[in-house]
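Colleague: Quick one: sequence and predicted model below, then my questions.
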Amino acid sequence: ETGVTQTPRHLVMGMTNKKSLKCEQHLGHNAMYWYKQSAKKPLELMFVYNFKEQTENNSVPSRFSPECPNSSHLFLHLHTLQPEDSALYLCASSRPLGQGNYGYTFGSGTRLTVV
Amino acid sequence: DQQVKQNSPSLSVQEGRISILNCDYTNSMFDYFLWYKKYPAEGPTFLISISSIKDKNEDGRFTVFLNKSAKHLSLHIVPSQPGDSAVYFCAASALYYGGSQGNLIFGKGTKLSVKP
């Protein structure tokens, strides 16, 4: 158990479907992140939330819609995705900058396949 | 334009020998560097970090070296064990500057295979 839980672990969806990815942490962290990992590419930062406020949207298409209702939960709502959106979606959390060891704790990821 | 580069996609090492994983960066504002390890079907896990005020940090079998003038860091694993076989990601951050500069930027990863 990493402390950051992502559900579902695997998801297959059609291009017209609407689905949501969920991330939950109980580490007392106040920053949460969505990353995308595609084959042979670096981990790509998608969104950053600090204290429930979105502080970064890394030019992500609007078919990806994040939601952070509180510091412990983060969602990624998916709508009309494309096959090239198939990837491993990783959630991470961290302490705010300046508060001790600054490292991210990652979840196990959701393996998304768009058909 | 990649700010953090891991130019070797894979590395194969014999058990007991040294594994050296390399990472280069381009952003001179980066002041904090981390290595993460990732097994299949799991998220990356933090391994070791180094601040730019140091040039070496050691934790058991793992040592990270930082050469600021060359904008290069490396991870040494001695001795290598089969359980070390995983993908290793280098990450960097401009912590001092804060804000979005403080977000971690990752490389593509290097897949290490340690053979018995």
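Modeller: Looks like it arrived, so ask away. Since we're looking at a predicted model, the values are computed, not measured. Numbers count the residues shown, from 1 in each chain, chains lettered A, B, ... in the order given.
Colleague: residues touching residue 113, list them.
Modeller: All of this refers to chain A. Counting by Cβ atoms under 8 Å, 6 or more residues apart in numbering or on different chains, A:Thr113 touches A:His10, A:Leu11, A:Val12, A:Met13, A:Ser86. In short, each C-beta sits where N, CA and C put it, glycine included.
Colleague: wrong chain, I was asking about chain B
Modeller: B:Ser113 neighbours (Cβ under 8 Å, 6+ apart): B:Ser10, B:Leu11, B:Ser12, B:Val13, B:Ser85.
Colleague: What residues are bridge-paired with it?
Modeller: Note on B:Ser113: beta-bridge partners by DSSP bridges are B:Ser12.
Colleague: now B:Asp84: how far from B:Phe65?
Modeller: Using Cβ to Cβ, to the nearest Å, we find B:Asp84 at a distance of 18 Å from B:Phe65.
Colleague: For the spatially most central residue of chain A, which residues are in contact?
Modeller: What sits nearest the mean C-alpha location of chain A, by Cα atoms, centre = their mean, is A:Trp34, with 2.8 Å. Residues near A:Trp34 by Cβ under 8 Å, 6+ apart: A:Cys23, A:Leu45, A:Met46, A:Phe47, A:Pro66, A:Leu74, A:Leu76, A:Tyr89, A:Leu90, A:Cys91.
Colleague: Out of those residues, flag the one nearest to B:Tyr25.
Modeller: A:Leu45 (15.6 Å; Cβ to Cβ).
Colleague: Against B:Val4, how distant is that closest one?
Modeller: Applying Cβ to Cβ to A:Leu45 and B:Val4 gives a distance of 12 Å.
Colleague: what residues are shared contacts of the two?
Modeller: By Cβ under 8 Å, 6+ apart, the residues touching both A:Leu45 and B:Val4 are B:Ile105.
Colleague: Which one's more surrounded, those two?
Modeller: B:Val4 (24 against 20; other Cβ atoms under 10 Å in any protein chain shown).
Colleague: still on that earlier bit, tell me the one of the contacts of A:Thr113 nearest A:Asn57?
Modeller: A:Ser86 (21.1 Å).
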